[in-house]
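Undergrad: Sequence first, predicted coordinates after that:
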Amino acid sequence: MTTDLLLVLLLLGSAIAMFVLNRPRMDAVGLIMIVLLPLTGVLTVNEALAGFADASIILIAALFVIGEGLVRTGVARHMGDWLGKVAGGNEARALVMLMLAAAFLGAVMSSTAVVAIFIPIVLRLCQGTATSPRRLMMPLSVAALLSGMLTLIATAPNLMVNAELARQGLEGFGFFGITPFGLPLLAIAIPYMLLARRFLGGGTASATAPELRRARLRDWIELYDLPDREYRLFLTETSPLAGQRLGDLTLRAEGLNILAVERARRFGADLLRPRTELVLQPGDVLLADLQARDAAPGELFAKYGIKALPLGEESRYFTNRAQEIGMVEALVPADSPLLGLTILEARLQSEYGLTAIGLRRGRKPAGPHLLEQRLAVGDGLLLFGFWSDLSKLRQGDAELVLLNLPAEFDEVLPAAGRAPAAVACLLLTVGLMVAGVLPNVHAALIGCLLMGLFGCVDLTSAYRAINWKTLVLIVGMLPFSVALQRTGGVDLAADALLAAAGEHSPRIVLTVLFAVTMLLGLFISNTATAVLMAPVALAVAADLGLSPYPFAMTVALAASTAFMTPVSSPVNTLVVGPGNYSFGDFMKVGLPFSLLCMGISVVLVPWLLPLR
């Protein structure tokens, strides 16, 4: 063993030790290695920094952005809502549909993002099916990890293995090259988890408690004792309101609050703020709140040539438009200039773009004649408006203090109307990758630009979506591959692996390779594991005079087999809290399944990818 190799191995061992101790954080370890490796003399500074220009790194970053587009436009959430409907209150059906949805969504976006999206969906499913989150959270993490075995771009380890093939002048795997191995494993994972969930126990319901305590819009409708005051009012051709500015009308004084205006477009309808300068047009639909008044509503509607439209069962106070409009609770503080004013005099609509539709003093609603009520210290106002206007109260204005945001606020999608465009961008990107018309990284960058062009993401959200911690970690570990090859470390590892396998068949060698990769993944990230083990696998194949592809595929599959500990992957870590899991729970369920995956992979790989 040369001095250079000894230094490189010392640095590698130090990196693994820091990963195990989780101090410092993983991306900091990557930066430390970038700084220290050139000091060994094995690599130059440019070679240590070369990972920042690696096409695989750019591809991973681009995929984060495309995944963010699916999140912001609601594509992922719509899939979750559909899942809840299909499950129909049945726990077993919910588990099957959950695993299928998470796996196939994770095939085209970050598995970590998939789990983050599905955790609240699972909590809602648990409420609907009277199921403990312990019985569904681990199946979610297993499916998300298996999604990495469905497409080439599904997880970073696949891309690292593919990059190593390209680095050694070999043709990489196709977009669906890993799919024939992942689908059988997913098909086996579903019945396995149907059985294994019984060993996870019922647990406690504490994980769902925060969700249950969070007020929703329907709760406030009841709490503020709002009668059936909401109306959708169609503006007829003969209406005297047509062509009038809202600011010139006296509708509020007559008890009619215009909350928003629906205006038909060629495709769908726009929802407009009720600004004073807005000019009403025939065909507009007014979303309105009608305060208590002496005359019947029909007389008022006839006077202004407007016709009430049916609301539907699910649209009380327009909750069917909750992606755009909603409510918040606000408090009148002691030093507010609004004290002593009536709600009509407070001019909340012109100042904030908000409409007060409810008032509480203490525990009781103030009564039906809301507009004449004078505001006092401690009054609670229920304010209605567009979310962007409602959220401005969080900035700490002296006139009103934000008390509560409903649960629906967290569910608002920044680009809700762009879902079809996001799906089209995704399909185009995947199509270009599958057809091989362009390099994968080029296709992904085109997908990112199109996501931005159609408003699915903006620059701020795109930069925020990229997991820089993961990228810096990968960049920091990539130089080890070159350093170990240059110093003979890869050949040494290959010889050690062959010695451990003995004079056995290539299947035994694949088994040992799978086991070593899987065990190494217990201590360091699966991406770093793939970076280190891919060159070893190719060296083993070269020593045996066999095709490199079965060995490279074995590393890719083993790197995603991170089921045994809660720290093997961020996917597992995310579900620990909601599922109330212990380390032993992962070992109890993950160890047998990991061994099952290893056995199936070792059979499938040489069958589908010939060794010679």
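TA: Structure received.
Undergrad: Check the burial of residue 401 by counting its neighbours.
TA: Applying the criterion other CB atoms under 10 Å, we find 14 residues in the vicinity of residue 401. No exception for glycine: its C-beta is placed from N, CA and C like everyone else's.
Undergrad: remind me which residues of the stretch 101-250 of the chain are low pLDDT?
TA: Applying pLDDT under 70 to the predicted model, the residue ranges of the stretch 101-250 of the chain that meet it are 113, 116-117, 120, 124, 127-129, 202-214, 227.
Undergrad: mind listing the strands in it by residue range?
TA: 230-235 (DSSP state E, counting those that start in this stretch).
Undergrad: Which strands and helices lie in contact with the helix or strand hosting residue 551?
TA: Using DSSP states H and E, residue 551 sits within helix 548-559. Taking 3 or more CB pairs under 8 Å, 6 or more residues apart in numbering; DSSP states H and E as contact, the helices and strands that helix 548-559 lies on are helix 156-167, helix 179-196, helix 506-520, helix 526-544, helix 583-608.
Undergrad: residues in contact with the very next helix or strand once past it?
TA: For helix 548-559, the succeeding helix or strand toward the C-terminus, using DSSP H and E, is helix 570-579. Where contact means CB atoms under 8 Å, 6 or more residues apart in numbering, the residues beyond helix 570-579 that reach it are 111-112, 115-116, 119, 122-123, 133-134, 136-138, 140-141, 144-145, 200, 203, 207, 562-563, 565-567, 581, 585-586.
Undergrad: hmm, back to that, tell me the average confidence for the helix holding residue 551?
TA: For helix 548-559, the mean pLDDT works out to 95.
Undergrad: Export it to CSV, keeping only CA atoms.
TA: Once side chains and other backbone atoms are set aside, the C-alpha atoms of helix 548-559 remain, and they are given as CSV (Å, rounded to 0.1, in the frame of the first residue of the first chain):
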residue,chain,number,x,y,z
PRO,A,548,-19.8,-4.5,-16.4
TYR,A,549,-23.6,-3.9,-16.6
PRO,A,550,-24.8,-6.6,-14.1
PHE,A,551,-22.3,-5.4,-11.6
ALA,A,552,-23.2,-1.7,-12.1
MET,A,553,-26.9,-2.5,-11.8
THR,A,554,-26.3,-4.5,-8.6
VAL,A,555,-24.7,-1.4,-7.0
ALA,A,556,-27.6,0.8,-8.1
LEU,A,557,-30.2,-1.6,-6.7
ALA,A,558,-28.3,-2.1,-3.4
ALA,A,559,-27.8,1.6,-2.9
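Undergrad: Run the angle between it and helix 156-167 for me.
TA: Interaxial angle of helix 548-559 relative to helix 156-167 (axes from the mean of the first three to the mean of the last three CA atoms, to 10 degrees): 160 degrees.
Undergrad: Okay, buried residues for helix 548-559 please.
TA: Buried positions in helix 548-559, judged by neighbour count with 16 or more other CB atoms under 10 Å: 548-559.
Undergrad: So what does residue 44 look like in phi/psi?
TA: Taking degrees, to the nearest 10, you get phi -90, psi 170 for the backbone angles of residue 44.
Undergrad: Need the three-state assignment for the residue nearest to it when sequence neighbours are not counted.
TA: With CB to CB, 6 or more residues apart in numbering as the measure, residue 38 is the residue that lies nearest to residue 44, at 6.2 Å, once sequence neighbours are left out. Of the three states, residue 38 takes helix under DSSP: H, G, I helix; E, B strand; the rest coil.
Undergrad: can I get the helices and strands packed on helix 548-559 in CSV with distance to residue 59?
TA: Listed next are the helices and strands packed on helix 548-559 as CSV, based on distance: least, CB to CB, whole Å:
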stretch, distance to residue 59
helix 156-167, 6
helix 179-196, 18
helix 506-520, 22
helix 526-544, 13
helix 583-608, 24
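Undergrad: Mean neighbour count and distance to residue 413 added to those helices, as CSV?
TA: Supplementary listing: these in CSV, determined by neighbours: other CB atoms under 10 Å; distance: least, CB to CB, whole Å:
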stretch, mean neighbour count, distance to residue 413
helix 156-167, 24, 27
helix 179-196, 18, 28
helix 506-520, 21, 38
helix 526-544, 25, 29
helix 583-608, 18, 33
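Undergrad: between those, which one is nearest to residue 328?
TA: Counting by CB to CB, residue 328 lies closest to helix 583-608 out of the helices and strands packed on helix 548-559; the figure is 39.2 Å.
Undergrad: Show me what the closest one is packed against.
TA: Counting contacts by 3+ CB pairs under 8 Å, 6+ apart, helix 583-608 is packed against helix 134-146, helix 179-196, helix 506-520, helix 548-559.
Undergrad: Which one of these lies nearest to residue 235?
TA: With respect to residue 235, and counting by CB to CB, the nearest of these is helix 134-146 at 47.6 Å.
Undergrad: That closest one - contacts with which helices or strands?
TA: Helix 134-146 makes packing contacts with helix 91-106, helix 111-129, helix 179-196, helix 570-579, helix 583-608 when contacts are defined by 3+ CB pairs under 8 Å, 6+ apart.
Undergrad: Repeat the analysis, applying 6 Å as the threshold.
TA: With contacts defined as 3 or more CB pairs under 6 Å, 6 or more residues apart in numbering; DSSP states H and E, helix 134-146 has these neighbours: helix 91-106, helix 111-129, helix 179-196, helix 570-579.
Undergrad: Out of the ones you listed, which is closest to residue 31?
TA: Proximity of those to residue 31 was assessed by CB to CB; the nearest stretch is helix 570-579, lying at 19.2 Å.
Undergrad: returning to that earlier point: how far away is the residue nearest to residue 44 from residue 407?
TA: 52 Å (CB to CB, to the nearest Å).
Undergrad: ok, now residue 366?
TA: 25 Å.
Undergrad: With residue 134 instead?
TA: Taking CB to CB as the measure, residue 134 falls 23 Å from residue 407.
Undergrad: who has more neighbours, the two?
TA: Of the pair residue 134 and residue 407, residue 134 is the one with more neighbours under other CB under 10 Å, namely 21 against 16.
Undergrad: wait, the more buried one sits on residue 198?
TA: No - the pair residue 134 and residue 198 fails to qualify as a contact (CB atoms under 6 Å) at a distance of 10.9 Å.
Undergrad: Tell me where the stretch 251-400 of the chain has strands.
TA: Taking DSSP E, counting those that start in this stretch, the strands of the stretch 251-400 of the chain run over residues 256-264, 269-272, 285-290, 306-309, 325-331, 355-361, 364-365, 380-386.
Undergrad: Please convert those to TSV, extending it with mean pLDDT, mean neighbour count and distance to residue 86.
TA: Listed next are these as TSV, based on pLDDT from 0 to 100; neighbours: other CB atoms under 10 Å; distance: least, CB to CB, whole Å:
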stretch	mean pLDDT	mean neighbour count	distance to residue 86
strand 256-264	91	20	31
strand 269-272	87	15	29
strand 285-290	91	22	31
strand 306-309	92	16	31
strand 325-331	90	23	27
strand 355-361	88	20	36
strand 364-365	78	14	39
strand 380-386	91	23	32
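Undergrad: TSV please, covering those and showing distance to residue 344.
TA: Compiled in TSV, these are given as follows (distance: least, CB to CB, whole Å):
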stretch	distance to residue 344
strand 256-264	10
strand 269-272	22
strand 285-290	13
strand 306-309	21
strand 325-331	17
strand 355-361	9
strand 364-365	18
strand 380-386	13
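Undergrad: if we can go back for a sec, didn't the residue nearest to residue 44 look like it was pressed against residue 48?
TA: Yes - between residue 38 and residue 48 a contact is recorded at 5.1 Å, counting by CB under 6 Å.
Undergrad: Compare the two (neighbour count), which wins?
TA: Of the pair residue 38 and residue 48, residue 48 is the one with more neighbours under other CB under 10 Å, namely 25 against 17.
Undergrad: Tell me the pLDDT of the closest residue to residue 2 other than its chain neighbours.
TA: Ranked by CB to CB, 6+ apart and with sequence neighbours excluded, the top spatial neighbour of residue 2 is residue 487, at 6.2 Å. Model confidence at residue 487, expressed as pLDDT, equals 89.
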